[in-house]
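Structure here, sequence nowhere to be found:
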């Protein structure tokens, strides 16, 4: 119950200190995001990647700063719970007219849960439920930049409107041939049939900030013609002659969904009112959860907050039980799921077999590396949680036994409130999108047999996409380590994504070698490795026996990806990356690119990376 009076003298000062901490965080976050424009204009690709990595750390740093301040100035850990209730009420008062109230609520939760015991993680003390609406937030100050700009082609011409849309961003680097590019955009829009019957309110709405990621900037808009709406995203790149080019035209929901995929790095976007950006993006992708959109915009903590609220809602309105996830059990991670929920839960085991020479901290380091790295659409993002409480009755007994056997340090079963409701507490876990394990997807096709055309297409797709995924990872300076089929998954769009991170390495840290030639017949027949192997040595020729045992799989793989078995392939990428080259891996299909930007087939990296 909330207190009836606000009589604790320090409660307001604590709430003010917490709001100051959040405002400092978002000011720094937004400033770093805004600097992405300059890095794009100057082709500072390494600086862009570095900023994307470092910005991820901003939130936790500010939470630690705020927590230390509260402990130093207010002895926060010793305050009565009645004071903390009043702190929340004072904080709510400061959310009125705030431009990022939902983010400020999450920041409050992050700081408070560092101080209070988990028994107080409920709505009296933290924001389990939001209290401020994010609808229709606007900055009405004179000169404030709106969330989006509207252009009316009926008042000019569509080509003129398109030109103003691009030029209004004030990019300092010139375009190579903007009229040519805009004509290509115009032809695509005309081809979509949006101009057949122009309504009086025909307009194009364009978000006021470009979306920066790696070597690209994205203009995000939608065409509105009466009741019809068409997403319109224009990727801007540096062209071969040094000027800017509009590389592609994305007009389908699937194209935009892929751009905001959970398997890609976060965008740099200068947003004053992030909830308005999310609302705009949801109009382009109605099926995309708000949690994933906040995360894609670099606001991962807000994504976690919304995900957890959705998860609690799902638990309330479902009755199935958590179980061990289908597929081959991992040696390092224990994976379980809820059949009705499209995510999996992964916790690090306490014990590993001898061949897995690793530690809990090393595994956590690998997951953090993936979060900070460019995932190029081929590594699943994860949400990391601590002290997660689940109802005990929703767990299968076999799953509890599995956790007790392999990860007892991560499990606590308790009656938190003494009310007879037993909870399972998982001390640390990762949550990620559920996918069909690639080995099961591939085996399904093999079991159907060679006469089933659909199965054969599935087999070919599995193998080709698997090789494409590895090549995209290589271009991003990632060596997967354990390349077995079971460590990859297939998304609902048919994309193959890697999700087992305990053995990943930077490509440039590996030593790719030719398999030594046997010295004699005894070496050739030996079941043991007879040559010296260093800790980072990799022998690509040795992949084949583990991956290509089935003739049908081998045939497709050798047709499309035989180069993966050649050390020279890996060494060539290493050399270019060490020289500072940043490879292009495009988040859209080849056919979406404007014709003059598509290189000759001989330089295509793979089917998904034109």
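Good, I have the coordinates. Remember, it's a predicted structure, so these values are computed and weren't measured experimentally. Numbers count the residues shown, from 1 in each chain.

Just after whatever helix or strand residue 442 lives in, pick out the following helix or strand.
According to DSSP states H and E, residue 442 maps onto helix 438-448. Proceeding N to C from helix 438-448, the next assigned helix or strand is helix 453-475, under DSSP H and E.

now the very next helix or strand once past that next one, how far from the centre of its chain.
Per DSSP H and E, the first helix or strand lying C-terminal to helix 453-475 is strand 478-479. In this view, strand 478-479 has its centroid 17 Å away from the chain centroid, taken as C-alpha atoms, centre = their mean, to the nearest Å.

Which strands and helices lie in contact with the helix or strand that strand 478-479 is followed by?
Note on strand 478-479: by DSSP H and E, the next helix or strand toward the C-terminus is strand 488-490. Contacts defined by 3 or more C-beta pairs under 8 Å, 6 or more residues apart in numbering; DSSP states H and E place strand 488-490 against strand 436-437, helix 438-448, helix 453-475, strand 496-498. Any C-beta I mention is one placed from the backbone N, CA and C, and that applies to glycine too.

Next, the buried residues of the helix holding residue 442.
Neighbour counts over helix 438-448 (16 or more other C-beta atoms under 10 Å) mark 438, 439, 441, 442, 445, 446 as buried.

Local confidence estimate at the second one?
Yep, that's residue 439 we're talking about. pLDDT recorded at residue 439 is 94.

Next up, the contacts around it.
With contacts defined as C-beta atoms under 8 Å, 6 or more residues apart in numbering, the neighbours of residue 439 are 327, 328, 484, 485, 486.

between those, which has the most around it?
Compared across these, residue 485 has the highest neighbour count, 21 neighbours, by other C-beta atoms under 10 Å.

separation between the residue nearest to that residue when sequence neighbours are not counted and residue 61?
Among residues not flanking residue 485 along the chain, residue 439 sits closest, at 4.0 Å (C-beta to C-beta, 6 or more residues apart in numbering). Distance from residue 439 to residue 61, counting by C-beta to C-beta, to the nearest Å: 40 Å.

re the thing from before, looking at the contacts of residue 439, point me to the pair that's furthest apart.
Distances among the contacts of residue 439 were taken as C-beta to C-beta; the most separated pair is 327 and 484, at 11.6 Å.

Can you show me the helices along the stretch 501-610 of the chain?
Secondary structure of the stretch 501-610 of the chain (DSSP state H, counting those that start in this stretch): helices located at 521-525, 543-547, 551-561, 567-578.

now what about the second one, what contacts it?
Surrounding helix 543-547, the residues in contact under the criterion C-beta under 8 Å, 6+ apart are 483, 484, 485, 553, 554, 557, 564, 565.

how about it: buried residues?
For helix 543-547, a neighbour-count test (16+ other C-beta under 10 Å) marks 543, 547 as buried.

got it, and the third one?
Residues of helix 551-561 classed as buried: 552, 553, 556, 557, 560, 561 (neighbour count, 16+ other C-beta under 10 Å).

what angle separates that helix from helix 567-578?
40 degrees (axes from the mean of the first three to the mean of the last three C-alpha atoms, to 10 degrees).

one step back: turn the contacts of helix 543-547 into a markdown table, columns for distance to residue 81 and pLDDT.
Formatted as a markdown table, the contacts of helix 543-547 follow (distance: C-beta to C-beta, whole Å; pLDDT from 0 to 100):
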| residue | distance to residue 81 | pLDDT |
| --- | --- | --- |
| 483 | 52 | 91 |
| 484 | 51 | 93 |
| 485 | 52 | 94 |
| 553 | 61 | 95 |
| 554 | 65 | 95 |
| 557 | 61 | 96 |
| 564 | 59 | 96 |
| 565 | 63 | 96 |
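
Now for residue 78, how many residues are close by?
9.

Per-residue pLDDT of it, please?
The model reports residue 78 with a pLDDT of 88.

first vs last residue of stretch 482-496, how far apart are they?
15 Å (C-alpha to C-alpha, to the nearest Å).

before we move on, what about stretch 231-246?
With C-alpha to C-alpha as the measure, stretch 231-246 spans 16 Å from end to end.

do stretch 224-232 as well
Chord length of stretch 224-232, first to last residue, is 10 Å (C-alpha to C-alpha).

Let the chain start at 16 from now.
Got it, the first residue is 16 from now on, which makes the last one we talked about stretch 239-247.

Not counting sequence-adjacent ones, nearest residue to residue 456?
residue 505 (4.8 Å).

now do residue 270
Nearest non-adjacent residue to residue 270, counting by C-beta to C-beta, 6+ apart: residue 603, 5.7 Å away.
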